[in-house]
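Asks: heads up, no residue letters with this:
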């Protein structure tokens, strides 16, 4: 199957700093990528839809100024957690679909474990 | 938007028995229903999926059924093995490809 690479896999940052997470589709093009957040023992909650060349679409309750999304190319989307606080500590995971395959399997990145201290 | 409910939240089965997880969805426009297995700290892995034009799909010990009229779908695992122990998520997606996940089911298979 297609490969989605997410980096970094783990990051620890100080409260008040910003953290950037990258999501790359390695062998296919993705006009749309999705960002999820998963707290311990909970489900994956969709945060936003990242669209190549346009603004991201955020789910209700997700602060767009805090979670900056940039989708500069068909293979790269980035999520920047700005002014991070301990409550932002979570598992962040991206997914992408191969646009050439229609509405089919979504491929997930490895996830990023963010710890804000 | 889509709302996916999943039951049960935990499921303990004896090795060799069957496990069934049920999900319901709210958006009649949803047309793709994948099931994922997630091990602790790792990404979700697709184990089986079904489209809205199909009522049942099977892959070895795993099967999924879909009832579009009732808007529910189920995962069936037969002859369970200890390595089947994990968290399982159902999901539904609309034509835009947005996946909404159920709350998850912790499956424990005891030898």
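Replies: Okay, I see it. Since the model is a prediction, treat every value here as computed from it, not as a measurement.

Asks: SS state for the residue of chain B found nearest chain A?
Replies: At 4.2 Å from chain A, residue B:43 is the closest residue in chain B, using CB to the nearest CB. C-beta: built from backbone N, CA, C; applies to glycine. Secondary structure, DSSP: H, G, I helix; E, B strand; the rest coil: residue B:43 is coil.

Asks: Tell me where the chain is predicted with low confidence.
Replies: Reading this off chain A. Applying pLDDT under 70 to chain A flags the ranges A:1, A:99-103.

Asks: ah, no, chain B please
Replies: Scanning chain B for pLDDT under 70 picks out the ranges B:95-96.

Asks: Name the residues of it found near chain A, please.
Replies: Chain B comes close to chain A at residues B:31-32, B:34, B:41-44, B:46, B:49, B:89, B:93, B:95-104, as judged by CB under 8 Å from any CB of the partner chain.

Asks: And for the residue in chain A that chain B sits nearest to, nearest residue in space, chain neighbours not counted?
Replies: The nearest approach of chain A to chain B comes at residue A:108, 4.2 Å away (CB to the nearest CB). Beyond its immediate neighbours in the sequence, the residue positioned closest to residue A:108 (CB to CB, 6 or more residues apart in numbering or on different chains) is residue B:43, lying 4.2 Å away.

Asks: With residue A:8 instead?
Replies: Nearest non-adjacent residue to residue A:8, counting by CB to CB, 6+ apart: residue A:112, 6.0 Å away.

Asks: One more: residue A:20?
Replies: That would be residue A:80: by CB to CB, 6+ apart, it lies 4.7 Å from residue A:20.

Asks: Tell me the secondary structure at that neighbour.
Replies: Of the three states, residue A:80 takes strand under three-state DSSP.

Asks: Give me the number of neighbouring residues for residue A:17.
Replies: Residues within reach of residue A:17, counting by other CB atoms under 10 Å in any protein chain shown, total 11.

Asks: measure it to residue A:11 for me?
Replies: Applying CB to CB, to the nearest Å, the value for residue A:17 to residue A:11 is 10 Å.

Asks: ok, now residue B:58?
Replies: Distance from residue B:58 to residue A:11, counting by CB to CB: 41 Å.

Asks: Comparing these two, which shows the higher neighbour count?
Replies: The neighbour count for residue B:58 versus residue A:11, taken as other CB under 10 Å, is higher for residue A:11 (17 against 12).

Asks: what is the more buried one paired to in the beta sheet?
Replies: Residues in a beta bridge with residue A:11, per DSSP bridges, are residue A:114.

Asks: and residue B:68, what does it touch?
Replies: Listed by CB atoms under 8 Å, 6 or more residues apart in numbering or on different chains, the contact set of residue B:68 reads B:28, B:52.

Asks: Show the contacting residues for the residue nearest to residue A:20.
Replies: Residue A:80 touches A:18-21, A:67-70, counting by CB under 8 Å, 6+ apart.

Asks: repeat for residue A:39
Replies: Going by CB under 8 Å, 6+ apart, the list of residues near residue A:39 reads A:90-91.

Asks: Excluding chain neighbours, what is closest to the residue lying farthest from the centre of chain B?
Replies: Ranked by distance from the centre of chain B (CA atoms, centre = their mean), the top residue is residue B:111, with 22.6 Å. Spatial nearest neighbour of residue B:111, chain neighbours left out: residue B:15 (5.1 Å); criterion: CB to CB, 6+ apart.

Asks: All set, thanks.
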